[in-house]
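1. got a predicted structure here, sequence first:
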Amino acid sequence: MFDKIEQAQERRIFRYVTTVGLATFLALWFNWPLAFCTPLLTAKFITDKPQFHILHVKQLAYALLSTAVIGFVVSTGLPEYKIAFLSIVTLGMLWAYYLFTDPKWVMFATFLMIELILLPSITIIDQASALNVGIGFAFSGTLAVALYALSHVYFPEEEKTDFVGFPVSPLTKEMRWTAAIRAWVISFPLVCFYFYFQLSQILLTVAFVMLLSLMASSETSGKTALFFTVSNIFAGLISFVTFLIISLAPNMYVYMMVVLSVIALFGIKIYTVPQKAPIYITAFTGFNVLMGTSISSGALDDKFYVRIFQLFLVLLYMVFMTYFLESRTRK
């Protein structure tokens with residue numbers, strides 16, 4: 001029995017390293033708009049969805065449709081009307097947070113949340129590039145789902161079970177809406193601050209908060225704060241060491257070898273220490289965004305240290321909001 005578990009772990013680790021490594025290589029080699037989203041989404045799908053089913057393709061279709069709709073809304077110039085635009089973003093965020101609490105819609109909710117922050121923010125920098133960014137993100141999502149599907153074709157699970165549908169959410173509708181509203185309370189003030197004052201330099205901070213705020217909607221503030229602290233510190237340290245190593249010989253081959261080593265490290269930890277897997281998954285998300293934005297910029301520059309600083313700002317903000325909401329609940 002122990003040998004069987006070890007073999008299953010090895011297969012999952014090899015699936016994770018191979019698939020995420022391939023996604024990273026494609027993003028680095030071709031470098032289309034938002035290419036760094038491909039390894040980020042691929043890693044998330046592999047860890048969140050142990051088994052692939054054709055319904056995941058259906059969710060991808062919905063995600064592509066929502067990308068087109070958001071891209072069209074952005075291209076009409078709606079972000080210039082800040083109050084109306086933020087009202088629409090509010091509804092989209094609440095819906096996405098609500099869907100996050102249903103296992104059936106986690107993949108689509110992930111796409112939707114990223115779209116809500118990335119596509120409109122591009123209009124702050126360059127409105128003409130909004131269409132290209134939307135196409136780039138749609139291609140990144142499609143490629144991530146394709147790689148995720150192929151990973152289960154070439155590295156299938158030993159125990160095959162008939163898919164009877166996604167599990168029903170263990171939460172009631174009232175609990176799901178409560179969690180969605182708490183997550184929205186955490187992230188929306190920062191989103192308003194970002195869009196109203198058009199502060200494109202803090203995009204990374206806002207994106208982190210939007211994706212992680214649902215975790216802070218639980219009632220265990222102490223454990224959640226510790227989770228954010230450990231995950232962010234680990235992501236920052238790994239990213240800093242990786243940046244220093246790559247800066248010694250900044251070329252694609254060194255970058256790929258170092259990043260593959262980091263992917264292998266995270267893959268081993270995720271599947272051999274399952275009780276701490278959420279920490280490593282969140283830390284890899286932070287690492288992927290930090291290094292992925294370097295891919296998009298085309299070079300490793302001093303802005304990397306600014307991104308590291310923003311990562312720790314996320315930590316401080318999330319810990320503060322978590323304890324703040326918990327104190328209000330107790331009262």
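-> Nice, I can see it.
2. what residues does the helix or strand His56 falls within touch?
-> According to DSSP states H and E, His56 maps onto helix 54-75. The contact list for helix 54-75, computed with C-beta atoms under 8 Å, 6 or more residues apart in numbering, reads 45, 49, 88, 104-105, 107-108, 111-112, 115-116, 119-120, 122-123, 127, 130-131, 134, 137-138, 141-142, 145, 148-149, 166. Glycine gets a C-beta too; all of them are placed from N, C-alpha and C.
3. buried residues in that helix, which are they?
-> Neighbour counts using 16 or more other C-beta atoms under 10 Å place 56, 59-60, 63-64, 66-67, 70-71, 73-75 of helix 54-75 among the buried residues.
4. if we can go back for a sec, out of the contacts of helix 54-75, which are buried?
-> Among these, those classed as buried by neighbour count (16+ other C-beta under 10 Å) are 45, 49, 88, 105, 107-108, 111-112, 115-116, 119-120, 122-123, 130-131, 134, 137-138, 141-142, 145, 148-149.
5. mind checking which of those land in helices?
-> With helices taken from DSSP state H, the overlap with the buried ones among the contacts of helix 54-75 comprises 45, 88, 107-108, 111-112, 115-116, 119-120, 122-123, 130-131, 134, 137-138, 141-142, 145, 148-149.
6. what count of nearby residues applies to the residue nearest to Lys269 when sequence neighbours are not counted?
-> The spatial neighbour of Lys269 that comes closest, neighbours along the chain excluded (C-beta to C-beta, 6 or more residues apart in numbering), is Tyr280 at 4.6 Å. The local packing of Tyr280 (other C-beta atoms under 10 Å) involves 24 other residues.
7. so how far is the helix or strand harbouring Tyr280 off the chain centroid?
-> Assigned by DSSP H and E, Tyr280 belongs to helix 277-297. A distance of 8 Å separates the C-alpha centroid of helix 277-297 from that of its chain, computed with C-alpha atoms, centre = their mean, to the nearest Å.
8. which elements pack onto whichever helix or strand comes after that helix?
-> Using DSSP H and E, the helix or strand that follows helix 277-297 in sequence is helix 303-330. Helix 303-330 sits against helix 173-196, helix 203-212, helix 221-248, helix 277-297, with contacts defined as 3 or more C-beta pairs under 8 Å, 6 or more residues apart in numbering; DSSP states H and E.
9. angle of the third one against helix 277-297?
-> This means helix 221-248. Relative orientation of helix 221-248 with respect to helix 277-297: 40 degrees, computed using axes from the mean of the first three to the mean of the last three C-alpha atoms, to 10 degrees.
10. does anything pack onto helix 221-248? Which helices or strands?
-> Judged by 3+ C-beta pairs under 8 Å, 6+ apart, helix 221-248 is in contact with helix 252-272, helix 277-297, helix 303-330.
11. how about that helix: buried residues?
-> Counting neighbours by 16+ other C-beta under 10 Å, the buried set in helix 221-248 is 221, 224-225, 227-232, 234-236, 238-239, 242-243, 246.
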